[in-house]
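Colleague: Build the 3D model from these lines:
(2 chains)
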Amino acid sequence: MNEFLTTLTAIAASAFSPSTAALAIAAIGLNIHFGYTGLLNMGQAGFMLVGAYAFAISIVAGIPLFPAVLIALVAAAVFALILGVPTLKLRGDYLAIVTISAAEIVRMIGRSSLLTDITGGSNGLTGQSYRGPFTDLSFLGDGQTTLGPFTYDNTGSNGWWIRLVAWSIVGILCLFVFLLMRSPWGRVLRGIREDEDAIRSLGKNVYSYKMQALILGGTIGALGGIIYVLPASVQADSMGRSMTFFVWTALLLGGAATVFGPVLGSIIFFALRLFVQGIAGQFVPDSIMNGQQAEQFSWILIGVVLMLVVIFRPQGVLGNKKEPELQCQLTSDSPPPRPRPPPPPPRASPP
Amino acid sequence: MLAGLLLIGVASLGLMGLGATSASAATATPTTACVANATTGCIQGTIKQGNGDPAVGVKLTVTTGGTTENLVTDAAGKWGVAITVTGPSTVTLDTTSLPSGNTLDPSIANPATVNGGLGRNAGTIFKLVSADSTGLSTAAPSPGDSTTTGSVTWERFLQQAASGIRLGLLLALASVGLSLIYGTTGLSNFAHGEQVTLGGLLAFVLANQLGLNLFLAAFLTVVVCAATGYFQDALIWKPLRKRGLPNTQLMIVTIGLSIALQYAFQFFIGAKTVRIDKANPVTVEIGPITLSVQSLWAMGIAVAVIILVGLFLLRSRIGRATRAVSDNPSLAAASGIDVDAIIRLVWTASAGLAGLAGVMLGLVLNGVNWQTGLQLLLLMFAAVTLGGLGTAFGALAGAMIIGMVVELTNLVLPGDFKYATALLILILVLLVRPQGIFGRRERIG
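Modeller: Predicted coordinates:
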């Protein structure tokens, strides 16, 4: 039973770890793409990676913290622009294919041995090389603090400071998305998701709105990338296709087009994985499933959960199935036949 | 992943040793593997020849804190050693053991110092360059070799072009199915890469583990893969189509399936690269081109199968029906074609073809691992988009072009970029002609 408690503590610790926050931030960005605008961005990890590299390289080059963050956001915006120009006028799958490809290109270039001096090649950039300016900002001081079962450094590489900052950003972004989606701008985005042609007929420039949404979500993704690498290191392979798929799983689990869905989804995502791993580690003998296999088994389960969620509860945990917008938001090219209103009764012809 | 790479290195070294002593023991998986944990760290790397092929049999010496280990790169050009103390290690490359025609890039330090640590993987890169490409070679070029430029020689071009055709053919096999599925159902199947991996891994189990004849193993693999396609459609995709699940949602379901399958492969096989054929590949030289016998077989089979598929689509009744469904499902249904039966057939055939491609890729590339298909998937998407989404012949043309581009990129850029160029082409194609070579304007809507 003691081990079970350990598992529970590990799950609770992961629930508010910086990587969960980073995943949540990336999922909030993806929510703007997919949940609110209906864009199929399959390369959110690419945005994260662009942000992480731009941030880390800027800091290493001696640029102060806030300009470095700004550079990262601009880099992600440019990346979004490059991806959006050829694809946003085309059908949804093209954006999906191009974004997944572009994310891979970024990863390959990042880990290329040609650029080892700048990006660190496949070894990446170590956390110490760019973390300094961030930890210097901390007002928590040195030493450790214990809250309940959790003991962390106040400021250190993976301590309370990064947790405080990361979750504050999550909170601010949630508020931001909440306000934004109530604004006229957000209404246009939702409209595009529902029916592009209808919005176009209202005189809105759909292409431009989609581009703005892609850029906004992408820069939020870059912010997620920065948070993700701050307690760890920049490694191209840690933000590959799997990362994109995790962000998607988190978003869909929690509920697309909801404000708190991405956050809840990220927490569930990590908790579920650790839970399965912990249970399998304790109750399944090693001869059937060893530790490594238990981890792989938890990933298999994540894949299956993603399938089941999309099939049986596409609105996620928080979504509302009755909300009409959620019914249509996943349809991009072949909407299911909607019940038509009965034809009006034939009018008696005037004499 | 890195630990996995190393594991392969150790495993194949172990296999070589075992194979020498007793043939029956060769199937036993060696348990010695470098997995970085609290007490062990790994130093490892992969050495590739100037033309991108793995450099086999290169000798290295790794000295860490007074202990010296002698290593030899395996069939994939990989080397690795476990260390138990933190600190700098010196890795020395024996330049006399390099494959002929290769020299160490002058900008790379030899011996190299690696800062290894417990619980992590460290590596160093020894970049080899072809002797002719550095201009060091003074050997007289063969007559008519006037096209030789600073780094790209005619021979290297031909060799890469041959590899390009090889990759293109195998890519074509794999992507025809992807394109047909897209054409008939409108679904971008992100789990198609896993069908390729499945083919390779099944062939490994049948040919390597169970010791079946290679052709029999390949045949059985294709049959089993086709069956997975059949049951996938019967159990998952058809019911979902009947539920009226929109394609975007279905696409995310395929992503979930792809994640589940990837980790299922790791669960059963592990993260290592496995070889289908235990024997070392025999190579033949055709003029300036060196190819393994298996590559030639693979290319021959691929050409034959592609021609068969083409004839089937063009000449047979069912083939015509398939193209009709691909063109316009509703119209096809209205003219009496059983759309569901055609889609079932397409799923079965696609999975079978992908499985075949997986077997041959495994043979040609010297092994398969859980992410072989994943890496190929993007090339397949690039090929299919280039040719025109949903058109079978477009997929063939696109695959040949992408295969060629990927391999020829190696001439001028290091191996890391070879996939990147293919994807760059994809983006450029979308800018200029989004419907692809054979696609029609209305499809892109």
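
Colleague: how about the residue in the stretch 1-150 of chain B positioned nearest to chain A, secondary structure?
Modeller: Going by Cβ to the nearest Cβ, chain A is nearest to residue B:125 of the stretch 1-150 of chain B, at 5.2 Å. Every residue, glycine included, has its C-beta placed from N, CA and C. Secondary structure, DSSP: H, G, I helix; E, B strand; the rest coil: residue B:125 is coil.

Colleague: Give the burial count for it, as a bare number.
Modeller: Residue B:125 has 18 neighbours, counted by other Cβ atoms under 10 Å in any protein chain shown.

Colleague: Can you tell me the closest non-neighbouring residue to it?
Modeller: Counting by Cβ to Cβ, 6 or more residues apart in numbering or on different chains, the nearest residue to residue B:125 once its immediate chain neighbours are dropped is residue A:113, at 5.2 Å.

Colleague: how much space between the one you found and residue B:49?
Modeller: For residue A:113, the distance to residue B:49 (Cβ to Cβ, to the nearest Å) stands at 15 Å.

Colleague: same deal with residue A:129?
Modeller: Between residue A:129 and residue B:49 the distance is 33 Å, computed by Cβ to Cβ.

Colleague: And the helices in chain B, which stretches?
Modeller: Per DSSP state H, chain B carries helices over the ranges B:2-21, B:154-185, B:192-203, B:214-232, B:238-243, B:247-269, B:293-315, B:317-327, B:329-334, B:339-364, B:372-387, B:392-412, B:418-432.

Colleague: tell me the pLDDT at residue 149?
Modeller: Chain wasn't specified; assuming chain A. Note on residue A:149: pLDDT of 79.

Colleague: wrong one, chain B
Modeller: 40.

Colleague: do the same with residue A:303
Modeller: Looking at residue A:303, its pLDDT is 90.

Colleague: Just the element for it, please.
Modeller: For residue A:303, the element it lies in under DSSP states H and E is helix A:291-312.

Colleague: Show me what counts as buried in that helix.
Modeller: Within helix A:291-312, the residues that count as buried by 16 or more other Cβ atoms under 10 Å in any protein chain shown are A:293-303, A:305-307, A:309-311.

Colleague: Which neighbouring elements make contact with it?
Modeller: Contacts defined by 3 or more Cβ pairs under 8 Å, 6 or more residues apart in numbering or on different chains; DSSP states H and E place helix A:291-312 against helix A:241-254, helix A:261-283, helix B:247-269.

Colleague: if you set the cut-off to 10 Å instead, what comes out?
Modeller: Judged by 3 or more Cβ pairs under 10 Å, 6 or more residues apart in numbering or on different chains; DSSP states H and E, helix A:291-312 is in contact with helix A:241-254, helix A:261-283, helix B:238-243, helix B:247-269.

Colleague: what about the closest residue to chain A within chain B, neighbour count?
Modeller: Nearest to chain A in chain B, going by Cβ to the nearest Cβ, is residue B:260, at a distance of 3.0 Å. Neighbour count of residue B:260, defined by other Cβ under 10 Å: 21.

Colleague: ok, for it, nearest residue in space, not its chain neighbours?
Modeller: residue A:303 (3.0 Å).

Colleague: which residues does that neighbour contact?
Modeller: Residue A:303 is in contact with A:245, A:249, B:191, B:255-264, counting by Cβ atoms under 10 Å, 6 or more residues apart in numbering or on different chains.

Colleague: Taking these, tell me the two that lie furthest apart.
Modeller: A:249 and B:264 (16.4 Å; Cβ to Cβ).

Colleague: who's more crowded, the two?
Modeller: A direct count of neighbours by other Cβ under 10 Å for residue A:249 and residue B:264 places residue A:249 higher, at 27 against 19.

Colleague: Can you give me the distance of the more buried one to residue B:410?
Modeller: Separation of residue A:249 from residue B:410 (Cβ to Cβ) stands at 35 Å.

Colleague: In the stretch 251-351 of chain A, what residue lies closest to chain B?
Modeller: Closest approach of the stretch 251-351 of chain A to chain B (Cβ to the nearest Cβ) occurs at residue A:303, with a separation of 3.0 Å.

Colleague: Check the gap between that residue and residue B:431 for me.
Modeller: Residue A:303 sits at a distance of 34 Å from residue B:431 (criterion: Cβ to Cβ).

Colleague: Repeat that for residue A:107.
Modeller: Distance, residue A:107 to residue B:431, using Cβ to Cβ: 22 Å.

Colleague: Enumerate the residues of the stretch 51-200 of chain A near chain B.
Modeller: Selection of the stretch 51-200 of chain A residues close to chain B by Cβ under 10 Å from any Cβ of the partner chain yields A:82-83, A:85-87, A:89-98, A:100-116, A:121-123.
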